[in-house]
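> Sequence first, predicted coordinates after that:
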Amino acid sequence: MAEAFGWPGLAGSPVLVAGAGVSGRSAAEALLAAGARVTVTDAAEQRLAALASLQAEGAELVVGLTEPPAGTALVVTSPGWRPDTPLLAAASAAGVEVIGEVELAWRLDRARAGAAGGPATWLAVTGTNGKTTTVGMLESILRAAGLDAVACGNVGLPVVDAVRAGHRVLAVELSSFQLHWSPSLRPAAGAVLNVAEDHLDWHGSMDAYARAKAGVLVGDVAVAGVDDPVAASLLAGSPAPRRVGVTLAEPAEGQLGLRGDALVDRAFADAEALAEVADVRPGGPPGLTDALVAAALARAHGVPADAVRAGLRAYRPAAHRAELVGEVDGVRYVDDSKATNPHAAAASLHAHDRVVWVAGGQLKGASVDELVAGVASRLAGVVLMGADRARFAAALARHAPRVPVHEVTTGDDGAMREAVRAARGLARPGDVVLLAPAAASLDMFTDYAHRGRAFAEAVRAVTTETAGPSGPGR
C-alpha cells in the first residue's frame, strides 16, 4: 500500500501539476496524500478527463493554464515540458519553484530520514542509449542479491510511485529532461552510459544536453562508460568522491572491463570475475557496456559477484531491442525500433554485415551524416519514411550514392507495410532487414513500441503475400 508522507510545509500548500500524463497523475496522487492543495493542468482536455477520479480527493482540474494560479507555492512539471513553455516561464518569472516528478519523489523520500527504515537507496542511470536495458539488468542483479528493488523512472513506473510503495533500492532510469527538473537529486551511485546528439531541440545545444546528463554523477559514486569520450569527460569532471570507469578493454585499477571472456571488477575488488560474456543478453558491445555499468552500480551497493552473475543470466531484454521478428527466404527481419537516435542506430547497424535499413522519423535536431558515412559499406538498400526522410536521403546521396533508396511518402496505416515490401525487394539471402530508425516515432506512431509492432505485423503480412502451399516464398 502506498505510504502517505511529505516534507515540512507541503501540507496545505497550493501546488500546480503541469501535465496530466502518467507522471502527472502519480505526482498529483502523492501531493494529495501529503496534504497539498492540488491543481492539475494540461492543454488536452481528454488527458485531464482521465484524472477525474482525483477530483473526489480534492484536486482541481483546469484546461490550458498559461500562468500559475495566485498563491501557487510549487509547480511540478511533466518532464517533456520545456522551460520556455509559457506556463513554466510565467512561474519562474513569478519566483515559483518548478521541479519534476523525480525531484518530488526525491524530496518525499528524503523526508523519511527519521522514519523507520529511512529513505531508499537510489542507483541511477542515464545516457543517450541503453538506459532501459541497464536498469533492467540492475534490477535483476539486485533481486538476485535478495534485495527489495524495483526499476523505475523513464522505464515506466514513476519514481514517486516506487518511493510511496516503500521499495528499499531503486534502479532509476533518468532522461535528460528528468535530470533538468531534478536540482537536488543526489543518488548514492549514478552512471552515464554514453552521450551523443539527441533532444537538441529541447536543450538547445549539445553542451546543455551533456550538462543535464552530468546531473546523475553528483552522488557518492560516479560511473561512466569511458570508451565514450563525452561520458569519460563528464566522469573526469564529476565531484563524486569515487569515480569508476567502465570499458570493453582490459580494465585499469578503479575500472570494470573485460578480460578474455570475463567481466572483471578492478574497482570494488582485486580483478574479481563477475560473469561471462555469454551470460549477457543482448550481446555485442552495447549490451556488454550496459551489463558492466549495471554491475558497477550494484557493486557500489555491496552486491556480491555471484548475484551479479545470477542477475545477468536471468535478465531478458524487453521487446523492440534488436528483436528477430521473422526469417523468410534466408532474410532475417530485426525490430530495433528503440534505436530512436543516430547513436543507437549506428550500434544496431554495426551488428550486421549487410543490411537493408528501414529508417526515418523525427530527428530532434540531430545530424545523420556521420552515421550514414560510418555504415555506408554495410548498406544493401535503404527504405525511408517519416517527417525527416529528406534529411536521411540527402545524407545518403552525399555518403552512399550507389545505395538504392526507396522513400515511403504515405503516412497512413499502410506505410509500414509498403516499407517492408520495398525492403524485401532490396534484400537477398543472408541480408538483414533492420528497423533501426535513428529517429523518434511520434510523427507516425504513438511511440517506438507501436512502430515496432507495426513493423512485425507488416513482416508477417508481406512475407506471406506470395506464400504457396508449402509455405512462404517469393
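Received the coordinates, thanks.

> Report all helices and strands that whichever strand or helix holds G190 contacts.
Element membership of G190, judged by DSSP states H and E, is strand 189-192. Where contact means 3 or more C-beta pairs under 8 Å, 6 or more residues apart in numbering; DSSP states H and E, strand 189-192 is packed against strand 121-126, strand 221-225, helix 229-236, helix 284-300. Quick note: C-beta positions are derived from backbone N, CA and C, even for glycine.

> List the pairing partners of the first one within its sheet, with orientation.
Okay, so that is strand 121-126. Here strand 121-126 has these sheet partners by DSSP bridges: strand 169-173 (parallel), strand 189-192 (parallel).

> Let me know whether D148 touches V169 as I believe.
Yes: with contact defined as C-beta atoms under 8 Å, D148 reaches V169; the gap is 6.6 Å.

> Same drill for the two, tell me which one is more crowded.
Neighbour tally, D148 and V169, criterion other C-beta atoms under 10 Å: the higher count belongs to V169, 23 against 12.

> Spatially nearest residue to A28 (excluding sequence neighbours)?
V17 (4.8 Å; C-beta to C-beta, 6 or more residues apart in numbering).

> would the one you found count as being in a strand?
Yes: under DSSP: H, G, I helix; E, B strand; the rest coil, V17 falls within a strand.

> my guess is it contacts R47, does it?
No: the pair V17 and R47 fails to qualify as a contact (C-beta under 8 Å) at a distance of 11.7 Å.

> looking at this, V62 is in a strand?
Yes: assigned with three-state DSSP, V62 falls within a strand.

> so it bridges to which residues?
T41.

> That one: neighbour count?
12.

> got it, and V277?
15.

> Leaving out chain neighbours, which residue sits closest to it?
Using C-beta to C-beta, 6+ apart, the closest residue to V277 is D261 (4.7 Å).

> Distance check, that neighbour against D279.
10 Å (C-beta to C-beta, to the nearest Å).

> Those two: which has the busier surroundings?
When neighbours are counted by other C-beta under 10 Å, D261 and D279 differ, and D279 comes out ahead with 20 against 11.

> Pretty sure that one sits against R313.
Yes: in terms of C-beta under 8 Å, D279 counts as a neighbour of R313; the distance is 4.9 Å.

> picking that back up, okay if I get the strands paired with strand 121-126 as CSV plus mean pLDDT?
Formatted as CSV, those follow (pLDDT from 0 to 100):
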stretch, mean pLDDT
strand 169-173, 98
strand 189-192, 98
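
> and the ones you listed as a markdown table, adding distance to Y333?
What follows is the strands paired with strand 121-126, written out as a markdown table (distance: least, C-beta to C-beta, whole Å):
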| stretch | distance to Y333 |
| --- | --- |
| strand 169-173 | 28 |
| strand 189-192 | 33 |
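
> To L396, which of the ones you listed lies closest?
strand 189-192 (31.1 Å; C-beta to C-beta).

> what ranges of this protein fall below the confidence cut-off?
1-6, 114, 116, 197-200, 203, 413, 466-474 (pLDDT under 70).

> if you set the cut-off to 80 instead, what comes out?
1-9, 113-117, 197-204, 318-319, 410-413, 465-474 (pLDDT under 80).

> Domain boundaries for it, per the record?
14-95, 105-314, 323-462 (automatic domain parsing).

> wait, which of those domains is closest to W7?
domain 105-314 (4.0 Å).

> what about that closest one, start to end distance?
29 Å (C-alpha to C-alpha, to the nearest Å).

> Report the distance from that domain to the chain centre.
12 Å (C-alpha atoms, centre = their mean, to the nearest Å).

> Next one: A52 from P14, what distance?
20 Å.

> on that earlier part again, any chance of the helices and strands packed on strand 189-192 in JSON lines, plus mean neighbour count and distance to A210?
Listed next are these as JSON lines, based on neighbours: other C-beta atoms under 10 Å; distance: least, C-beta to C-beta, whole Å:
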{"stretch": "strand 121-126", "mean neighbour count": "28", "distance to A210": "11"}
{"stretch": "strand 221-225", "mean neighbour count": "29", "distance to A210": "12"}
{"stretch": "helix 229-236", "mean neighbour count": "19", "distance to A210": "6"}
{"stretch": "helix 284-300", "mean neighbour count": "27", "distance to A210": "17"}
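
> Nearest to L442, out of the ones you listed?
Using C-beta to C-beta, the helices and strands packed on strand 189-192 put strand 121-126 closest to L442, at 21.2 Å.

> circling back to that earlier point, can you lay out the helices and strands packed on strand 189-192 as a markdown table showing distance to E370?
A markdown table is the format used below for the helices and strands packed on strand 189-192 (distance: least, C-beta to C-beta, whole Å):
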| stretch | distance to E370 |
| --- | --- |
| strand 121-126 | 22 |
| strand 221-225 | 19 |
| helix 229-236 | 14 |
| helix 284-300 | 17 |
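
> Name the residues that touch stretch 345-357?
Applying C-beta atoms under 8 Å, 6 or more residues apart in numbering, the contact partners of stretch 345-357 are 129, 284-286, 322, 334, 336, 339, 359, 371, 374-375, 378-383, 423, 426-427, 430-434, 436-438.

> Kindly report the same for stretch 269-277.
By C-beta under 8 Å, 6+ apart, stretch 269-277 touches 251, 256, 258-259, 261-265, 283, 288, 291, 295, 299, 305, 308-309, 312-313.

> Buried residues, that stretch. List them.
If you call a residue buried by 16 or more other C-beta atoms under 10 Å, then stretch 269-277 has these buried ones: E272, A273, L274, A275.
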